[in-house]
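S.K.: Predicted model follows, preceded by the sequence.
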Amino acid sequence: RCHPNSSSHCRMGVETDHAVFANTHESLVEQIGRQPAFANVNRLLAAPAILGSKSVGTLTVMNGRRDYNSRDLEALERMAELLALVIGRRIAEQQHRQIEQRYRAAADGSFDALYLYRCKFNDAGEVVDFTFVDVNEMALRSTGRTREQLVGRDLCKLYDHAKTGGFFDAYKHVYETGEPIDAEAPVNGEDEGVSAQWVRYQAVKLPDGVAVTISDITERKAAEESLRESREHYRFVADSNRRLLTEVNHRVRNNLAGLLSLVRLTAKSVMNVDEFADAMKARILAMSHVHNMLAQSQWSDVELREI
C-alpha cells in the first residue's frame, strides 16, 4: 500500500491474468471486459503475480496524477514478480509447517522409538559418531531423557553400549552401503535411563545420516526364554520317564527271573506243599530284608555280616 498522502492507490484490486495498461475509463473496460469494481477509475496499471503457471494475485495501481506509460507497466510487472516470489515463499512455508505437523503427529504417535542421526566425520572423512538430530516421544520415554538432553549430543559419548553392543557399527554400515538393517540385540542395562534389555532396531540411510526405529522386545524375549526352558524341562522329564520305565522293566524282569529260579530251587528241597510255602515265605522275606537294607544305605555297599 502506498503512502496515505499519495493520490495513487497500490493494492490487490482488479483480478486479471494479463497486464493491463489504461489511461481512460473506456480503455480499461475494453481491456478487462467489464466495469471495474471502483466506479471512479480512469487510469490503471495491473500486473498479475504468476507463480509457476498459476496467477496467485494481481498488483494494481490506479488514478495516478499523470498518464501511465510502458515503463510504469514494466516496473509494476517486476513488482508483481517479487510479489509472486513472496507469496510462493509463504505458501512453501505453510506447506512445510503442515508437513512438519503431520510428521510430528505421526512420529509422536508411534509405539516405536524414533531417532534421526547425522553423521559425524573425522578429518579423514570417516564416520566416527552419530549426532542426535530429532527424537519422538517414545524415544524420550525409552531413554528417560528430555529432548534437550539428546538433540545435539553424540550417540557413542552418551551411551557406552552403542559401540559395545554393535549399534554404531550397524548404523555406520547402513550409511556407507545404503543397505537397511532389521535386527535384534541385547542392551547393556547399566546405561543411565535405559530400561530395555532386548530391542529390535531398524535403520535406513538418510542423505546425511540414518533414521532408526527401536522397539522394546524385552517381554517377548523373556516369554521366548521361558518357553524354551519349559520345553527343555518337559523334554528332560519325558527322557527321565523313558529311562525310568526302561529301568523298572529291566528290574522287574530280573526280579521275576530270580523268583522263578528260587521257586525251582525250593521245589527240589521240599517234600510237600506246606514245606514249599514255608520255604518260599522265608526266602522272600529274606530278599525283602536285604532290599530294605540296601534302600536304607542309599544303595551303597552293605556288609555281609549285617545281612
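M.R.: The structure has been received and is ready for your questions. Numbering: from 1, shown residues only.
S.K.: Look at the residue lying farthest from the centre of the chain and give its secondary structure.
M.R.: In terms of distance from the mean C-alpha position of the chain, Met271 ranks first, at 91.2 Å (CA atoms, centre = their mean). Secondary structure state of Met271, per DSSP: H, G, I helix; E, B strand; the rest coil, is coil.
S.K.: mind starting the numbering at 443 from now?
M.R.: Right, with 443 as the first residue, what we last looked at is Met713.
S.K.: And it, how far from Ser495?
M.R.: The gap separating Met713 from Ser495 is 130 Å, by CB to CB, to the nearest Å. Backbone N, C-alpha and C define where each C-beta goes, glycine included.
S.K.: mind listing what's buried in the strand or helix carrying Asp720?
M.R.: Here Asp720 sits within helix 715-738, counting by DSSP states H and E. Judged by neighbour count (16 or more other CB atoms under 10 Å), helix 715-738 contains these buried residues: Ala721, Met722.
S.K.: Now do that helix: which elements does it pack against?
M.R.: Helices and strands touching helix 715-738, by 3 or more CB pairs under 8 Å, 6 or more residues apart in numbering; DSSP states H and E, are helix 660-711.
S.K.: could you give the angle of the helix it packs on to helix 715-738?
M.R.: 150 degrees (axes from the mean of the first three to the mean of the last three CA atoms, to 10 degrees).
S.K.: got any ranges where the stretch 593-742 of the chain has weak pLDDT?
M.R.: Applying pLDDT under 70 to the stretch 593-742 of the chain picks out residues 630-637.
S.K.: just to revisit the earlier point, and the residue farthest from the centre of the chain, what are its phi and psi?
M.R.: With angles defined as degrees, to the nearest 10, Met713 sits at phi -100, psi -20.
S.K.: Could you pull up the residues touching it?
M.R.: Applying CB atoms under 8 Å, 6 or more residues apart in numbering to Met713 gives no contacts.
S.K.: And for Ser584, the neighbour number?
M.R.: Ser584 has 21 neighbours, counted by other CB atoms under 10 Å.
S.K.: Secondary structure element for it, which one?
M.R.: For Ser584, the host element (DSSP H and E) is helix 579-585.
S.K.: Next: Asp611.
M.R.: Following DSSP H and E, one finds Asp611 within helix 609-619.
S.K.: tell me what that helix is packed against?
M.R.: Against helix 609-619 (3+ CB pairs under 8 Å, 6+ apart) you get strand 569-577, helix 597-600, helix 603-606, strand 623-628, strand 640-648, strand 651-658.
S.K.: Which one of those lies nearest to His460?
M.R.: Proximity to His460 (CB to CB) singles out strand 640-648 among the helices and strands packed on helix 609-619, at 44.8 Å.
S.K.: wouldn't Gln639 be in contact with Glu626 here?
M.R.: No. Counting by CB atoms under 8 Å, Gln639 sits too far from Glu626 to count as a contact (11.5 Å).
S.K.: Tyr559 falls within a helix, correct?
M.R.: No. Applying three-state DSSP, one finds Tyr559 to be strand, outside a helix.
S.K.: can you pull up the bridge partners for Val646?
M.R.: Assessed by DSSP bridges, Val646 has beta-bridge partners Ala653.
S.K.: still on that earlier bit, more neighbours, Gln639 and Glu626?
M.R.: Gln639 (15 against 12).
S.K.: Phi first, then psi, for the more buried one.
M.R.: Dihedral pair for Gln639: phi -100, psi -30, per degrees, to the nearest 10.
S.K.: And it, how close does it get to Val744?
M.R.: Gln639 is 53 Å from Val744, by CB to CB.
S.K.: Ok, Glu472 next?
M.R.: With distances taken as CB to CB, Glu472 is found 133 Å from Val744.
S.K.: These two: who's more crowded?
M.R.: Neighbours per residue (other CB under 10 Å) separate Glu472 from Val744, with Val744 holding more: 13 against 10.
S.K.: who are the neighbours in contact with the more buried one?
M.R.: With contact set as CB under 8 Å, 6+ apart, Val744 has these partners: Val732, Met735, Leu736.
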